[in-house]
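Asks: Generate a structure from the sequence data that follows.
(one chain, ligands or ions: 1)
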Amino acid sequence: MEYSEKVMDHFENPRNVGVLEDANAVGEVGNPRCGDIMRISMKIDDETDVVEDIKFQTFGCGAAIAVSSVLTEMVKGRTTEEALEIDNQAVVEELGGLPNVKVHCSVLGEEGITAALKVYYDEHPEKTPPPNLADKVASLEACATHEHQEKM
Ligand code: FES
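Replies: The predicted model follows:
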């Protein structure tokens, strides 16, 4: 299986690994097919809704680790709305591609961000969530109740 140099770099030297002690948005998602799990913790500025810091813990395959790592770099410094615009396709492109059988691993990243931001807005009912949050949460909940269709 061929991995790009960037995938190998993020797999071997993952960025932003761990848990943020002062996180105010934490999400955990799993791929029911393979059992891999990703936890995302973010520190979001209450005034600007900018993601000031983000860390991940991924118990999973190398592709899932590379996805998590590059995703944290893509999300840091963005607003919550901009973070939600980063879909799995954008992550795969940023990594210089993934083998077809591994593309499903990239979905975990998008879902992790969505899960963490759902927690953030649930805990801040005074805030108006980004318009793209509801659709993402709906597809996340559909994923949780139905087996992923992607091939392993
Ligand atoms: S995320 Fe489970 S095999 Fe990649």
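
Asks: you'd agree T72 is up against G18?
Replies: No: assessed by CB atoms under 8 Å, T72 is found out of contact with G18, at 10.4 Å. To be clear about C-beta, it is placed using only N, CA and C from the backbone, and glycine gets the same treatment.

Asks: Quickly list what's touching both of these two.
Replies: 55-56 (CB atoms under 8 Å, 6 or more residues apart in numbering).

Asks: Mind checking which of the two has more residues around it?
Replies: More crowded of T72 and G18, by other CB atoms under 10 Å: T72, with 24 against 11.

Asks: what sits against the nearest residue to V103 once chain neighbours are set aside?
Replies: Counting by CB to CB, 6 or more residues apart in numbering, V103 lies nearest to V92, which is 6.2 Å off, once chain neighbours are set aside. Neighbouring residues of V92 by CB under 8 Å, 6+ apart: 98, 103, 106.

Asks: Quick check: A83 touching V51?
Replies: Yes: if you go by CB under 8 Å, A83 and V51 touch, sitting 5.8 Å apart.

Asks: higher neighbour count, those two?
Replies: Each of A83 and V51 has its neighbours counted (other CB under 10 Å); A83 has more, 27 against 24.

Asks: For that one, which non-adjacent residue is closest in space?
Replies: In space, A83 is closest to V75, 4.6 Å off (CB to CB, 6+ apart).

Asks: my guess is that neighbour meets E81, correct?
Replies: No: V75 lies out of contact with E81 (CB under 8 Å); the separation is 11.6 Å.

Asks: Looking only at neighbour counts, state which of those two leads.
Replies: Neighbour count, other CB under 10 Å: between V75 and E81, V75 has more, with 24 against 14.

Asks: Now do the contacts for that one.
Replies: Residues in contact with V75 (CB under 8 Å, 6+ apart) are 42, 51, 54, 83, 86, 113.

Asks: With E5 instead?
Replies: Neighbouring residues of E5 by CB under 8 Å, 6+ apart: G96.

Asks: returning to what we had before: max pairwise distance over the contacts of V75: which two?
Replies: M42 and I86 (13.1 Å; CB to CB).

Asks: contacting residues for the residue positioned nearest the centre of the chain?
Replies: The centroid of the chain falls nearest to G109 when counting by CA atoms, centre = their mean (2.7 Å). Going by CB under 8 Å, 6+ apart, G109 touches 38, 64, 67-68, 71, 88, 91.
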